[in-house]
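> Predicted model, plus sequence, below.
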Amino acid sequence: MKVVIPGSLTDLNTYTNAERTNRYKGAKIKKNETYRCMAAFLPYRMENVKLPIDLKIKWFCKNRKKDPDNISFGQKFILDGMQKAGVIPNDGFTQINSIHHDYEVDKNNPRIEIEI
């Protein structure tokens, strides 16, 4: 199954700067991004997911200006969104077997594709 989240998620540097500025600002980013990811998973409500799962996350970025480790910080929002959508009960070792990341550039259609 493949789920697509349009656009990009907040990267680690932006989130860290928000937390340093005002802790409520960081909390707001986390809440908004988590709900955005949850909304992407709701149509795919999977009641019979075989745990643990393997995830392949393909990050389609506007350009190469951000480092891959800053971009992949968004997996936190993805996993929390999957929990809120009821796809997985938790995001620990019992539920997640592996996470693989690929990075590509698509300046006209930035998005994140998650394959389970």
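Good, I have the coordinates.

> Correct me if wrong, but residue 33 is in a helix.
Yes: Residue 33 forms part of a helix when assessed by DSSP: H, G, I helix; E, B strand; the rest coil.

> how close does it sit to residue 69?
Distance, residue 33 to residue 69, using C-beta to C-beta, to the nearest Å: 17 Å. For the C-beta atoms, the positions are set from N, CA and C on the backbone; glycine is no exception.

> Who has more neighbours out of the two?
residue 33 (20 against 11; other C-beta atoms under 10 Å).

> and for stretch 67-74, what are the contacting residues?
Contacting residues not belonging to stretch 67-74 are listed as 8-13, 15, 33, 57, 59, 61, 101, 103, 112 [C-beta atoms under 8 Å, 6 or more residues apart in numbering].

> what's the first-to-last distance across stretch 67-79?
20 Å (C-alpha to C-alpha, to the nearest Å).

> quick one: average pLDDT of that stretch?
Taken as a whole, stretch 67-79 has an average pLDDT of 97.

> Now do the buried residues in it.
70, 71, 72, 73, 74, 75, 76, 77, 78, 79 (16 or more other C-beta atoms under 10 Å).

> next one: stretch 18-26
18, 26.

> Over to stretch 98-113?
110, 112.

> to the chain's geometric centre, what's the distance from that stretch?
Distance of stretch 98-113 from the chain centroid (C-alpha atoms, centre = their mean, to the nearest Å) equals 11 Å.

> now stretch 20-36
Using C-alpha atoms, centre = their mean, the offset of stretch 20-36 from its chain centre is 14 Å.

> ranges for the helices of this protein?
Here the chain has its helices, by DSSP state H, at 12-21, 23-41, 68-71, 75-85.

> Looking at those, which is nearest to residue 1?
Closest approach to residue 1 among these is made by helix 23-41 (9.9 Å; C-beta to C-beta).
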